[in-house]
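Visitor: 3D model of this:
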Amino acid sequence: MTLVDGFDPSGVRVGIVGLGGIGHHHAERLESLGADLVGGMDVDAGARERFVHEFDAHAFEDAGELYDMVDAVLLTTPNRFHEEYAVSALEWGLDVLLEKPLAHTLESAERIADAAREADGICMVGFNNRFAAPVEVLKHYQGEGRFGDVRHVEANYVRRRGVPGRGSWFTTKDVSGGGSLIDIGVHAIDLALYFLDFPDVVEVSGVARSEFGGRDDYTYIDMWGDDSGPEDFDVDDSVSAFIRTADGATVSLEAAWATNRPENNDFFVRGTEAGAHFDRGSGDLTLFENGVGGGHHLTDTDVDTRDIDTHRAEQAAFLQAVETGEAPTRNTVEQALTVQRVIDGIYRCTETGRAVRLDE
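Guide: All right, here's what the predicted structure looks like:
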């Protein structure tokens, strides 16, 4: 028996919908937690066979057969299919952990949110960076008032070269809903708004660009997945944006699959009393403070934390919510819907060349 925060997750029967790479990633962590991984579902026969071989669990082509055997499901399908499986699982009475983003379009995301509001079960969305140990510490200090009022967050999720396999669903807009913005920019937006305690967003301004993935001479060292060439790339590969909230707080965003600059995973949290720097890549956390005791001075404090598997911690929070029946206050569907509205606003801003109001 594995105890997680004082409870035994083996009593929760879990299934996974979508048995690709991220599905296997989640399955491995569910097993490490001691959860009862009953089975999985995928439309691809090869994916089902690999899942059965690796995890000694059932695998189905029909989602309903899986739903009948479980208490909760993790949904790890390509974005376009989130709505189909999330809504059906919620209507079945199951609890759902849905990988980010909420959906491939805002309209689809809103339908998932509607289903979640009507459902008896809980629904969480997979923004795993919130569970990083430095983020937990930063939020603890923020809750104590150490930063004062947080007024601005600089959010970066930038790869120098990191376009997923050209020709995969990641680079196909009809399935993914977009490129770097909806794939990794979504994490940066969510984490920035989390540091601001999710205020109402009133305006976004930005540009999503496609400058590298569609080129014959796109240069890279490694590529996740196969490269089918530029003909199979119709999404953005970088984005710059500015987000303004109802209480005057702001977010500046840089995200990229590919750009001619060094990799950057820095988040700067700027408060009226103190600030912080979190490097999402390395996990480094530094606090920036000041004082007058003994003379005016500035203090930089490096914070060491344990190395946490963020997906495993996220799953533990989900399983505990399933076990207790208490809806989580973190990683909620409503928060994910706010992130989706920001993404949609940036894409609309790119098309019109004008800032987009989200409060009208």
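Visitor: next, the residue of the chain positioned farthest from its centre: secondary structure please.
Guide: Here the chain reaches farthest from its C-alpha mean at Gly294, the gap being 44.1 Å by Cα atoms, centre = their mean. Secondary structure for Gly294, judged by DSSP: H, G, I helix; E, B strand; the rest coil, is coil.
Visitor: same deal with His140?
Guide: Criterion first, three-state DSSP; result for His140: helix.
Visitor: and for the one 5 residues further on?
Guide: Here Gly145 is recorded as coil under three-state DSSP.
Visitor: just give the closest residue to it, not the sequence neighbours.
Guide: Glu273 (7.7 Å; Cβ to Cβ, 6 or more residues apart in numbering). Where you see a C-beta, it was placed from the backbone N, CA and C, and this is true even at glycine.
Visitor: and the one you found, what's its pLDDT?
Guide: Listed pLDDT for Glu273 reads 98.
Visitor: and the residue most central in space within the chain, how far from Gly46?
Guide: In the chain, the centroid-proximal residue (Cα atoms, centre = their mean) is Phe127; its distance is 3.2 Å. Phe127 is 30 Å from Gly46, where distance means Cβ to Cβ, to the nearest Å.
Visitor: so where do the helices sit in the chain?
Guide: Remark: helices assigned in the chain by DSSP state H are 21-33, 45-55, 63-67, 82-91, 106-118, 133-143, 173-176, 180, 186-195, 310-324, 333-352.
Visitor: right, so of these, which gets closest to Leu298?
Guide: helix 133-143 (17.3 Å; Cβ to Cβ).
Visitor: now do the closest one: distance to the chain's middle.
Guide: Centroid displacement of helix 133-143 relative to its chain, using Cα atoms, centre = their mean, to the nearest Å, is 18 Å.
Visitor: got the angle between it and helix 186-195?
Guide: Helix 133-143 and helix 186-195 are oriented at 30 degrees to each other (axes from the mean of the first three to the mean of the last three Cα atoms, to 10 degrees).
Visitor: packing partners for helix 133-143?
Guide: Applying 3 or more Cβ pairs under 8 Å, 6 or more residues apart in numbering; DSSP states H and E, we find helix 133-143 packed against helix 186-195, strand 266-271, strand 275-279, strand 285-291.
Visitor: deepest-packed of the ones you listed, please.
Guide: With neighbours taken as mean count of other Cβ atoms under 10 Å, the helices and strands packed on helix 133-143 reach their highest mean count in helix 186-195, at a mean of 25.
Visitor: pull it out as CSV, backbone CA atoms only.
Guide: The C-alpha coordinates for helix 186-195 follow below in CSV (Å, rounded to 0.1, in the frame of the first residue of the first chain):
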residue,chain,number,x,y,z
VAL,A,186,-0.6,27.8,-22.4
HIS,A,187,1.6,26.7,-19.5
ALA,A,188,3.2,30.2,-19.2
ILE,A,189,-0.1,32.0,-19.3
ASP,A,190,-1.6,29.6,-16.7
LEU,A,191,1.4,30.0,-14.3
ALA,A,192,1.5,33.7,-14.7
LEU,A,193,-2.3,34.1,-13.9
TYR,A,194,-1.8,31.6,-11.0
PHE,A,195,0.8,34.0,-9.5
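Visitor: give me the distance between it and the centre of its chain.
Guide: How far helix 186-195 lies from its chain's middle: 9 Å, per Cα atoms, centre = their mean.
Visitor: how about stretch 286-297?
Guide: Centre to centre, stretch against its chain (Cα atoms, centre = their mean), the figure for stretch 286-297 is 35 Å.
Visitor: contacting residues for Met124?
Guide: By Cβ atoms under 8 Å, 6 or more residues apart in numbering, the residues touching Met124 are 96-98, 314, 317-318, 321, 328, 330-333.
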